[in-house]
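Visitor: Show me the folded form of this:
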Amino acid sequence: MQSSRIQLTPDLSFSTFVHGYWRLTDWGYNNEQIVSLIQEGLDLGVTTIDHADIYGDYECEAIFGKALGGRSSLREQIELVSKCGIKLLSEKYPDREVKYYDLSYEHIVRSAEQSLKNLQTDYLDVLLLHRPSPLYDPSEVARAFNALHQSGKVRYFGVSNFTPQQTTTLQSYLDQPLVTNQIEISVNCLEHFDNGNMDYLLEKRLHPMAWSPLAGGKLFSAANKDRMPLLEVIHALANQKETDIATIMYAWLLKHPVGIMPIVGSGKIARIKDAVHAQSVQLTDQEWFKIYQATLGHEVP
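Guide: Model (predicted):
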């Protein structure tokens, strides 16, 4: 089975499942192993790859780029996403006294250009603002986006962890349409069902990328006794459908009509294959609501 695709714009589509590389430094892969992982993902139809400038203490993009460098045919088969805007406390930047956000024109352009250099590519398919900043000026963002787009360095733009109002406000300043919002969505995180984001995304025909779609692994630990009602429902459904709980969690996301694109952050191709397999598992409305209510802790009104 191959990952299906979701159309974001007339000339840009993502694989429904996105491969996230934020743990790349933990995998210990050499260039050949990274290329092999990319190729095995392509064989499964997983063509969209998610990065951010800060991942791996600012190292993941460069590691990936060394593997990708010079392989133009491979670059043409994938969609590269990166994010910018967070300034981490890091030994690489000893002058920083606090973690903070920077969405200035200078930082956005400099970060995007650094990502291009690190990834050894001429362009990003999509650049996302990693977090909304209480201090940012949307006109600065618009100026940066225009410069990056007109120079051919970034094809499209989006946001991450934005609320509906934050997205609307930013979009009102932009010449380019925002194409996605990368947000946390899982059976254990219903925040965006409550804050209006899912309704907003449906209204605007935007498809969200879901980070931490398996709840950061929290539900795989027996120590999380407070989530036992949810775990019991998921395990029961997994048994009924002769599959595993990860597949049920992915299938729960895929059922929503907004067109969620889960980010699979594993370096093991078997995990990616299992994620793609979730497309073959169908949940009924009642089964979906069993999970939803178990997370809520009560019946829907």
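Visitor: Phi, psi for the closest residue in space to Thr121 that isn't next to it in sequence please.
Guide: Distances taken as Cβ to Cβ, 6 or more residues apart in numbering place Arg75 nearest to Thr121, at 5.8 Å, with adjacent residues excluded. Every C-beta, even on glycine, is put in place using the N, C-alpha and C of the backbone. The phi/psi pair for Arg75 (degrees, to the nearest 10) reads phi -60, psi -40.
Visitor: quick one: Arg75 from Leu231, how far?
Guide: 41 Å (Cβ to Cβ, to the nearest Å).
Visitor: What of Leu68?
Guide: Taking Cβ to Cβ, one finds Leu68 at 39 Å from Leu231.
Visitor: Check what pLDDT the residue nearest to Thr121 gets.
Guide: pLDDT, Arg75: 96.
Visitor: Neighbours of it, how many?
Guide: 17 (other Cβ atoms under 10 Å).
Visitor: cool, Glu299 as well?
Guide: 7.
Visitor: How is it assigned, secondary-structure-wise?
Guide: coil (DSSP: H, G, I helix; E, B strand; the rest coil).
Visitor: For it, give me its contacts.
Guide: Gln293 (Cβ atoms under 8 Å, 6 or more residues apart in numbering).
Visitor: again with Ser212
Guide: 184, 186, 189, 263.
Visitor: mind checking the longest helix of this structure?
Guide: helix 105-119 (DSSP state H).
Visitor: So which bits of that helix are buried?
Guide: 105, 107-109, 111-112, 114-116, 118-119 (16 or more other Cβ atoms under 10 Å).
Visitor: how far out from the middle of the chain is it?
Guide: In terms of Cα atoms, centre = their mean, to the nearest Å, the centre of helix 105-119 is set 19 Å apart from its chain centre.
Visitor: same question, stretch 49-66
Guide: For stretch 49-66 - counting by Cα atoms, centre = their mean - the centre lies 14 Å from the chain centre.
Visitor: Give me the buried positions along that stretch.
Guide: Within stretch 49-66, the residues that count as buried by 16+ other Cβ under 10 Å are 49-56, 58, 60-65.
Visitor: again with stretch 138-153
Guide: Buried-residue list, stretch 138-153, by 16+ other Cβ under 10 Å: 140-145, 148-149, 153.
Visitor: The residue nearest to Thr121 touches Gly69, doesn't it?
Guide: No: Arg75 is beyond contact range of Gly69, at 9.2 Å (criterion: Cβ atoms under 8 Å).
Visitor: where's the closest residue to Thr25 other than its chain neighbours relative to Leu88, distance?
Guide: Leaving out its chain neighbours, the residue that sits closest to Thr25 by Cβ to Cβ, 6+ apart is Gly56, at 3.6 Å. According to Cβ to Cβ, Gly56 stands 11 Å off from Leu88.
Visitor: what do you get for Asn118?
Guide: Taking Cβ to Cβ, one finds Asn118 at 15 Å from Leu88.
Visitor: For the chain, which segments are assigned as helices?
Guide: Remark: helices assigned in the chain by DSSP H are 24-27, 31-43, 55-58, 60-68, 72-75, 105-119, 138-150, 164-171, 191-194, 197-204, 228-240, 245-255, 269-277, 285-296.
Visitor: what separates the first one from the chain centre, distance-wise?
Guide: Same thing as helix 24-27. That offset, for helix 24-27, works out to 17 Å (Cα atoms, centre = their mean).
Visitor: Good, wrapping up.
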